[in-house]
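*Asks:* sequence and predicted structure below; questions after.
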Amino acid sequence: MWGYVSGTLVKPNDEKAEKYADLLDVWEANNSKIITWVNNSVEHSIGTPLVKYETAKEIWDHLARFYMQSYFAKQYQLESDIRALEQKNLWDRLAFMESAELRACAPYIARGKEQCLIQFLMAIRDDFEGLRGLILHRSPLPSVDSAVSELLVR
């Protein structure tokens, strides 16, 4: 069934092909089954907008974009809460404890860059809330340098 979600199993469109009707029936039944599974697995408020999509792949792509945007907004809120609690000393101790192996790990470095961007966005004035939101909902996130450049243009 993953082929329907990933888009590798596409809807048959060659009406002259042998057993076209049978292939189309199987594809539509499986696609509908997956759409039903997804709709039954998400909150009603999230599932309602999904009715405009016709394929499981379209729904999957929409949900991937939706949750990625939500992830960065939640990460921003978490970082804001941490700063509000003034736990900077904890972060300084954790940074000191980083091993050389951890610093050489690409996902760890990428996470550190994301965290720098989040902290930069937290530090800018509330006047730039709109720009902050636009940046947080991008995928992939821009670098801190790009965010600063955008801020200077505004």
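*Replies:* Arrived safely.
*Asks:* could you pull up phi and psi at I118?
*Replies:* phi -60, psi -50 (degrees, to the nearest 10).
*Asks:* OK, contacts around it?
*Replies:* Applying Cβ atoms under 8 Å, 6 or more residues apart in numbering, we find I118 in contact with F72, Q75, Y76, E79. Just so you know, the C-beta spots here come from the backbone N, C-alpha and C atoms, and that holds for glycine as well.
*Asks:* quick one: which of those sit in strands?
*Replies:* Judged by DSSP state E, strands contain none of the contacts of I118.
*Asks:* show me the shaky parts of this structure.
*Replies:* Along the chain, the model assigns pLDDT under 70 to residues 44-51, 69-70, 82-104.
*Asks:* would you point out which residue is most central in it?
*Replies:* The structure's the chain has its C-alpha centroid closest to M68; by Cα atoms, centre = their mean the separation is 1.3 Å.
*Asks:* just give the nearest non-adjacent residue to it, would you?
*Replies:* Closest residue to M68 apart from its sequence neighbours, by Cβ to Cβ, 6 or more residues apart in numbering: S139 at 5.0 Å.
*Asks:* right, and that neighbour touches A64 too?
*Replies:* No: judged on Cβ atoms under 8 Å, S139 makes no contact with A64 at a distance of 9.1 Å.
*Asks:* between those two, what contacts are shared?
*Replies:* Contacts common to S139 and A64, judged by Cβ under 8 Å, 6+ apart, are absent.
*Asks:* so how far is the helix or strand containing F120 off the chain centroid?
*Replies:* Following DSSP states H and E, one finds F120 within helix 106-123. Averaging C-alpha positions (Cα atoms, centre = their mean, to the nearest Å) puts helix 106-123 16 Å from its chain's average.
*Asks:* may I see the buried residues of that helix?
*Replies:* By neighbour count with 16 or more other Cβ atoms under 10 Å, helix 106-123 contains the buried residues E114, L117, I118, Q119, L121.
*Asks:* so the last one versus I35, what's the distance?
*Replies:* To I35, L121 is 36 Å away according to Cβ to Cβ, to the nearest Å.
*Asks:* check contacts around G7.
*Replies:* Counted by Cβ under 8 Å, 6+ apart, G7 has contacts T55, K57.
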